[in-house]
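**Student:** Got a predicted structure here, sequence first:
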Amino acid sequence: MKMLLGLVKPTSGRASLLGTDVGAADFTHALRRTGALIEAPALYERLSARKNLELQALALGIAVDKKRIDELLELVDLSGRAKDKAGGYSLGMKQRLGIAVGLIGNPEIVVLDEPANGLDPAGIVEIRELLRRLPAMGTTVLVSSHQLAEVQQACDGLVVLAEGRLIAQGTTEEILRSHQTNAFIVRVDPVETSLIGHRLSNLDVNVIDEATGLVSVSLPDGWDGRTLNQALVAEDIFAFELAPEKVSLEEAFLTMTHPTATPALNGAAHVH
C-alpha cells in the first residue's frame, strides 16, 4: 500500500494507482484523487477535529468548506466532539478522524491499512459501520487487514496474499463458496448424540458437543438437507436444528495457505 501511494519505491515490477503508474510525471494527479490512512493517523493532537480537517484542506490546496467538514464530522460520528482536542480522543475516535482527514478532498478511492488495529470491540464495530457507509458516497475503499472476521463482514471483494504472492482473488461470496463443504450441523437430543453415528453408519458423522447434542454430518453426493432430514426421521431421530455448515473466511484462508498456519499472513480487501 505504501508503494501504491508513492511512499516506498518498488525494487522491481510496476504499480499503478487509478490508472497512473507510480512515479510517473502525472502521478500527483492520481494522489489528489486518493485518500489514505496508513497505520496510525497523523493528527495535530492539540487541535480540534475541525481544525485538523481545515489544515488538511489547506495542505491539499482546496478551499476550506465548512459544509463539507460538517458532513465528514457527521459521517464519522464526531459532530458532538468536533471542538475537542484530538489528543483527548479514544483510539477509535482518532481512527475515525484519520479517515475523515483522508476524505477531505472527495477522493475516488481510500486506502486504509489496518484501520481497526488496536481497537476495542466497540471501536471495531464503529470502523466496520463507517466502511460500509463510504461506498454509498461513491468512494471505493481498499483495506488491508489481518482481522478476517471483520473483513468477512465488511468487504465485497478480496485479494488474498501469502508471503507476497497472490493466492486468491474474487468476491467474498465466491471465495467462501469455493471452500464450502457438503456438511450439515445438526442438533439433536443429547441422549441421541451417541446413537446418531450408529444409526447413520453410511454417513460421516462427527460429534461436536455431546452435552448439547451438536454433530456435524458430511453428506454424500446428491444429498441435501431434505434428504438428511428424511434419513434422520427414518431412524427415529428428530432434529431440533439442521443447517449447512458455514465456512468462515479465517478457515478458508488457512486452507488456502497451509493447514497448520496461523492467521498472521497478509490480506487485502475492498468495499465498493
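**Tutor:** Structure's in. What do you need?
**Student:** switch to C-alpha atoms for all contacts and neighbour counts from now on
**Tutor:** Fine.
**Student:** Distance check, the residue nearest the centre of the chain against V141.
**Tutor:** Centroid check for the chain by CA atoms, centre = their mean gives V151 as the closest residue, at 1.5 Å. Per CA to CA, to the nearest Å, V151 is found 12 Å from V141.
**Student:** Count the residues that sit near L37.
**Tutor:** 22 (other CA atoms under 10 Å).
**Student:** I'd like the next helix or strand past the helix or strand hosting it.
**Tutor:** Using DSSP states H and E, L37 sits within strand 34-38. Heading C-terminal from strand 34-38, the first helix or strand you meet, by DSSP H and E, is helix 49-60.
**Student:** Mind listing what's buried along that following helix?
**Tutor:** Of the residues in helix 49-60, 49-54, 56-57 count as buried by neighbour count, 16 or more other CA atoms under 10 Å.
**Student:** average pLDDT across that helix?
**Tutor:** Mean pLDDT, taken over the full extent of helix 49-60, equals 91.
**Student:** Residues in contact with that helix: which ones?
**Tutor:** Helix 49-60 has contacts (CA atoms under 8 Å, 6 or more residues apart in numbering) with 32, 43-44, 63-64, 69, 73, 78, 81-86, 97, 100-101, 104-105.
**Student:** Recalculate using a threshold of 6 Å.
**Tutor:** With contacts defined as CA atoms under 6 Å, 6 or more residues apart in numbering, helix 49-60 is touched by 64, 82, 86, 101.
**Student:** Give me the subset of the residues you listed lying in helices.
**Tutor:** V101 (DSSP state H).
**Student:** looking at the contacts of helix 49-60, which has the most residues close by?
**Tutor:** V101 (27 neighbours).
**Student:** ok, it - contacts?
**Tutor:** V101 makes contact with L53 under the criterion CA under 6 Å, 6+ apart.
**Student:** cutoff 8 Å now
**Tutor:** Listed by CA under 8 Å, 6+ apart, the contact partners of V101 are 52-53, 56.
**Student:** Distance check, it against Y44.
**Tutor:** As judged by CA to CA, V101 and Y44 stand 11 Å apart.
**Student:** Next up, phi/psi of M137, please.
**Tutor:** phi -90, psi 0 (degrees, to the nearest 10).
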